[in-house]
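Enquirer: can't give you the sequence, but here's the structure:
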């Protein structure tokens, strides 16, 4: 694994400090308990979304600065080996294993051990609720969610590296796409190149959609669809790096695209203008749904193309490939400085679809586009 445990602990302490500042500004709490759904955020370097939580709960002691991870026996070694200053408490109701760590029969027992003499404890997520004790648990999930949305400098740095790796991978693979390649073949080439360039893997299951398949927003790459030399190819992909992810979509269009796709340039230009309009309005404090509406309006002007815009405009990225904020009419909230979000309008017609996705950092007074690769790649 790239980096070393001191790097991991540095970021962990920065997160703990940010949470302390935010939580104690509102609540007079001496500790914070985070449920398992936040364990990947706390321990990103050992988190794989497909494998589930890294810990059952995490306790941050604001008074002593100690951090506890309440883990089952399967989770404990990864935390113990990679975060040497974290106190690992093992839940083993049947007392079947001995891995040299403090062992408890239940999450509540472990939680009470970590909380100790604290009387007011803040919490976020699904955490065990001690009963019959003098501990008062106060929910602070909205505060924790805001802290998570606003990325620290180290988090932004890792996302930038994940973006660079992904973009270079697609650029390198472009010349290797050949007539007869299936979607699975092309996806495999991209993932292999991500690994070769130093990525920890693909950020999510890479989408490659050839021709008509591109009209499916969540298309699963198939051996059935093969490149014939004249079809557009939609590629939605990303790299992971030290627990952080990029999420990028690009269109690959042959120089001599088949007549069936003669309208693709018009649609690509409309989608690109929609992105640019969203970028003009994206800034700290703006309502997320308002950014969506500005992008949608451009597509409406372009011949009612908004009727084929079937999903939200974008979402946050970080440890998860889909995080808050969500640039959607269904999400109530504001975009904050430090958020890293995608902007990805898509149009899905009868014969093809077009989606282009940029990764963007919300900064003071506006935003900075982190993705650099051309939106349309010529083959």
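Expert: In hand now; what should we look at? These figures come from a predicted structure and were not determined experimentally.

Enquirer: how about the strands in the stretch 101-250 of the chain?
Expert: Per DSSP state E, counting those that start in this stretch, the stretch 101-250 of the chain carries strands over the ranges 103-104, 120-124, 136-139, 201-202, 207-210, 233-237, 239-241, 244-245, 248-253.

Enquirer: closest one to residue 333 among these?
Expert: Nearest to residue 333, of all those, is strand 120-124, at 16.2 Å by CB to CB. In this view, the C-beta of every residue, glycine as well, is placed from N, C-alpha and C.

Enquirer: Please name every helix or strand in contact with the closest one.
Expert: strand 31-35, strand 136-139, helix 141-149 (3 or more CB pairs under 8 Å, 6 or more residues apart in numbering; DSSP states H and E).

Enquirer: still on that earlier bit, pick out the shakiest of the strands of the stretch 101-250 of the chain, pLDDT-wise.
Expert: Here the lowest mean pLDDT among the strands of the stretch 101-250 of the chain goes to strand 103-104, at a mean of 90.

Enquirer: what lines up beside that strand in the sheet?
Expert: Next to strand 103-104 in the sheet, as set by DSSP bridges, lie strand 87-91 (parallel).

Enquirer: What mean pLDDT does the partner strand get?
Expert: Average pLDDT, strand 87-91: 95.

Enquirer: buried residues in that strand?
Expert: Under the neighbour-count criterion of 16 or more other CB atoms under 10 Å, strand 87-91 has 87, 88, 89, 90, 91 buried.

Enquirer: mind listing the helices in the chain by residue range?
Expert: Per DSSP state H, the chain carries helices over the ranges 5-24, 39-42, 76-82, 107-115, 141-149, 153-174, 183-196, 264-281, 288-301.

Enquirer: what sits up against the third one?
Expert: Spelled out, it's helix 76-82. Contacts to helix 76-82, defined as CB atoms under 8 Å, 6 or more residues apart in numbering, come from residues 1, 5, 8, 43, 45-46, 54-55, 69, 71, 86, 88, 90, 99, 101.

Enquirer: In PyMOL, select just the buried ones from these.
Expert: Selection of buried members from the contacts of helix 76-82 for PyMOL, criterion 16+ other CB under 10 Å:
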select buried, resi 8+43+45+46+54+55+69+71+86+88+90+101
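
Enquirer: would you turn the buried residues of strand 87-91 into JSON lines with distance to residue 347?
Expert: Formatted as JSON lines, those follow (distance: CB to CB, whole Å):
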{"residue": "87", "distance to residue 347": "52"}
{"residue": "88", "distance to residue 347": "49"}
{"residue": "89", "distance to residue 347": "51"}
{"residue": "90", "distance to residue 347": "52"}
{"residue": "91", "distance to residue 347": "49"}
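
Enquirer: from these, which is closest to residue 230?
Expert: Minimum distance to residue 230 across those is 57.0 Å, recorded for residue 88 (CB to CB).

Enquirer: Okay, and the beta partners of the closest one?
Expert: Under the criterion used (DSSP bridges), residue 88 bridges to residue 69.

Enquirer: Next one: it from residue 56, what distance?
Expert: Noted for residue 88: a distance of 11 Å to residue 56, by CB to CB, to the nearest Å.

Enquirer: right, so of the strands of the stretch 101-250 of the chain, which gets closest to residue 360?
Expert: Comparing the strands of the stretch 101-250 of the chain by their distance to residue 360 (CB to CB), the top pick is strand 248-253, with 11.3 Å.

Enquirer: so where's this structure uncertain?
Expert: In the predicted model, the chain carries pLDDT under 70 at residues 1-5, 97, 132.

Enquirer: run the last query once more with 50
Expert: In the predicted model of the chain, residues 1 satisfy pLDDT under 50.

Enquirer: Just the buried residues of stretch 148-158, please?
Expert: Buried positions in stretch 148-158, judged by neighbour count with 16+ other CB under 10 Å: 148, 149, 150, 151, 155, 156, 158.

Enquirer: Start and end of it, how far apart?
Expert: Using CA to CA, to the nearest Å, one end of stretch 148-158 lies 15 Å from the other.

Enquirer: same check, this time on stretch 344-355
Expert: The straight-line separation of the ends of stretch 344-355 (CA to CA) is 6 Å.
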